[in-house]
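*Asks:* Below: sequence and its predicted model.
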Amino acid sequence: MTRLETGKIQEGDDWPGVFIRGDNALMAYAPALSALIEGKASPVHMAYCDSLLRLLRSADVSVDEKAVQRVTMDDPSNDNRGHPQ
């Protein structure tokens, strides 16, 4: 299986979404958001928050298609769109 990287993803013709790898979530984005919420964000924390905001905005369908990682569900009959796991 190919390693999925943090970024914009899309399956088929469905709307794009965002995937965040666990290492990015736990070591960058979560601490930065915590520091921001606590009012203790350093310039590094702010840079991670800005990066996360850009990542979330990348799900906009008008964003350059070259930046999209294409994924395929293992079981096409397993349609979980709109149902969080």
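*Replies:* Done, it's in.
*Asks:* C-alpha from now on. contacts and neighbour counts both.
*Replies:* Fine.
*Asks:* I'd like the next helix or strand past the biggest strand by length in the chain.
*Replies:* For the chain, the strand reaching the highest residue count under DSSP state E is reported as strand 7-11. Proceeding N to C from strand 7-11, the next assigned helix or strand is strand 17-19, under DSSP states H and E.
*Asks:* can you pull the buried residues of the helix or strand just after that next one?
*Replies:* Tracing the chain C-terminally past strand 17-19 and defining elements by DSSP H and E, one meets helix 22-24 next. Taking 16 or more other C-alpha atoms under 10 Å as the basis for neighbour counts, none of the residues of helix 22-24 comes out buried.
*Asks:* Kindly provide the whole-number mean pLDDT of helix 22-24.
*Replies:* Mean pLDDT, helix 22-24: 97.
*Asks:* Tell me the strands beside the longest strand of the chain, with direction?
*Replies:* In the sheet containing strand 7-11, the strands it pairs with under DSSP bridges are strand 17-19 (antiparallel), strand 69-71 (parallel).
*Asks:* what residues does the first one touch?
*Replies:* Just to be clear, that refers to strand 17-19. Applying C-alpha atoms under 8 Å, 6 or more residues apart in numbering, the contact partners of strand 17-19 are Glu5, Thr6, Gly7, Lys8, Ile9, Gln10, Leu55, Leu56, Ser58, Ala59.
*Asks:* redo that, cut-off 7 Å
*Replies:* For strand 17-19, contacts defined as C-alpha atoms under 7 Å, 6 or more residues apart in numbering pick out Thr6, Gly7, Lys8, Ile9, Gln10, Leu56, Ala59.
*Asks:* isn't the second one right next to Leu55, touching?
*Replies:* Same thing as Gly7. Yes - Gly7 is within contact range of Leu55, at 6.5 Å (criterion: C-alpha atoms under 7 Å).
*Asks:* of the contacts of strand 17-19, buried ones?
*Replies:* By the neighbour-count criterion of 16+ other C-alpha under 10 Å, those include these buried positions: Thr6, Gly7, Lys8, Ile9, Gln10, Leu56, Ala59.
*Asks:* So which bits of stretch 12-25 are buried?
*Replies:* Under the neighbour-count criterion of 16+ other C-alpha under 10 Å, stretch 12-25 has Pro16, Gly17, Val18, Phe19, Ile20 buried.
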